[in-house]
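J.: Provided below are the primary sequence and the corresponding predicted coordinates.
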Amino acid sequence: MSVRKLILAVQFLTRLPTPQLRDFREEELSRTAVYFPLVGVLIGALVALPLWALDARPWLAGLLALIAWVWVTGALHLDGLGDVADAFGAAHRDPRRFLEVLKDPHMGVFGVVTVVLQVLAKFVLLGELAGGPWWWGVLLVPAWARWATTLLWSRWLPPLHAGMAERFAWYRNEGAYWDWAWGAALAAISLWLAPPLLACLLLAPLTAWYWKRRLGGISGDCLGASTEVLETLLLLALVLAPAAWRVF
């Protein structure tokens, strides 16, 4: 394990304090992607902590878990979700118009409403999970989402333009085995802790197919938006899964 790359991954994905690194080179960032699922587990642990500590007060637990989630990620992916929502609202099925709107740094009505609904959805789902049989599945939700959007899709989907998606394009040729390694590890742990999360094995390729069919590739904002959507869908899977569904 490269401690330097792990620290860079934590710095990129979270607001957690880390040691300062010298002689940083921008190309280093792309090679930190192999640690993104591990950072996702760290994010999940912080989110799950209120669900465990306040299981008798589920809505307070859900609120604190949501605050922890937004804080630790710096709302990084919510920003992408808002931008994509605005682009969808203005594109009218025209990929060129979609990309034009995506470049606009301002957030419009579509984006604001979508972000509000996303935050409300996570709040309700986290509250539902508090004190329930699958609350510990939250540990793996951010890891699954980052495995899908950063590792798996970097090999499947070409970047649409220069930017965040292009920055991780190295992975298409150099890191292909990591998606299978992390996928197998997350699947094995999920089978033991929270089998409903195995739904990501279906959701990840379906969402990638959608972006391929709709735009022909993916951008950094699309990666962020998809991370948020996948996280919400996995929380929903945990909420809707019957308590009797146990493997071990």
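T.: Thanks, I have it. Only a predicted model underlies this, so the values are computations on that prediction, with no experimental measurement involved. Numbers count the residues shown, from 1 in each chain.

J.: who are the packing partners of the helix or strand encompassing W71?
T.: Using DSSP states H and E, W71 sits in helix 58-73. Judged by 3 or more CB pairs under 8 Å, 6 or more residues apart in numbering; DSSP states H and E, the packing partners of helix 58-73 are helix 36-53, helix 109-129. Any C-beta I mention is one placed from the backbone N, CA and C, and that applies to glycine too.

J.: relative to helix 58-73, how tilted is the longest one?
T.: If I follow you right, that is helix 109-129. 130 degrees (axes from the mean of the first three to the mean of the last three CA atoms, to 10 degrees).

J.: when you compare where helix 109-129 runs with where helix 36-53 runs, what's the angle?
T.: Using the same axes, to 10 degrees: helix 109-129 against helix 36-53 is 60 degrees.

J.: circling back to that earlier point, out of the helices and strands packed on helix 58-73, which is closest to C222?
T.: With CB to CB as the criterion, C222 lies closest to helix 109-129 of the helices and strands packed on helix 58-73, at 13.7 Å.

J.: so L60 touches L54, yeah?
T.: Yes: L60 is within contact range of L54, at 5.6 Å (criterion: CB atoms under 8 Å).

J.: which one of these two is surrounded by more residues?
T.: Using other CB atoms under 10 Å, the more surrounded residue of L60 and L54 is L54, with 18 against 13.

J.: what backbone torsions are found at the more buried one?
T.: Dihedral angles of L54 (phi, psi; degrees, to the nearest 10) stand at phi -120, psi 40.

J.: now it. Nearest residue, chain neighbours left out?
T.: Spatial nearest neighbour of L54, chain neighbours left out: A61 (3.8 Å); criterion: CB to CB, 6 or more residues apart in numbering.

J.: again with A143
T.: Distance criterion CB to CB, 6+ apart; nearest residue to A143, sequence neighbours excluded, is G40 at 3.3 Å.

J.: to what extent is that neighbour buried, counted in neighbours?
T.: 27.

J.: now it: how far from L63?
T.: Look at G40 and L63: by CB to CB, to the nearest Å, they are 22 Å apart.

J.: now do H77
T.: Distance from H77 to L63, by CB to CB: 19 Å.

J.: still on that earlier bit, for the helix holding W71, which outside residues touch it?
T.: 13-16, 43, 46-51, 53-55, 78, 119, 122-131, 138 (CB atoms under 8 Å, 6 or more residues apart in numbering).

J.: and it, average pLDDT?
T.: Averaging pLDDT along helix 58-73 gives 96.

J.: likewise stretch 196-208?
T.: Mean pLDDT, computed over stretch 196-208, is 94.

J.: in it, what's buried?
T.: Neighbour-count burial for stretch 196-208, with 16 or more other CB atoms under 10 Å as criterion, is recorded at P196, L197, L198, A199, C200, L203, A204, T207, A208.

J.: wait, the fifth one touches P142, no?
T.: Looking back up the chat, that one is C200. No: counting by CB under 8 Å, C200 sits too far from P142 to count as a contact (11.4 Å).

J.: follow-up on the earlier one: for the helices and strands packed on helix 58-73, which one sits closest to L215?
T.: Of those, nearest to L215 by CB to CB is helix 109-129, at 17.2 Å.

J.: using CSV, write out the CA atom coordinates for the helix or strand just after that closest one.
T.: For helix 109-129, the following helix or strand on the C-terminal side (DSSP H and E) is helix 141-146. What follows is helix 141-146, C-alpha atoms only, in CSV (Å, rounded to 0.1, in the frame of the first residue of the first chain):
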residue,chain,number,x,y,z
VAL,A,141,-22.6,2.2,0.6
PRO,A,142,-20.0,4.9,-0.3
ALA,A,143,-17.4,2.3,-1.1
TRP,A,144,-19.7,0.6,-3.6
ALA,A,145,-20.6,3.9,-5.3
ARG,A,146,-17.0,4.9,-5.7
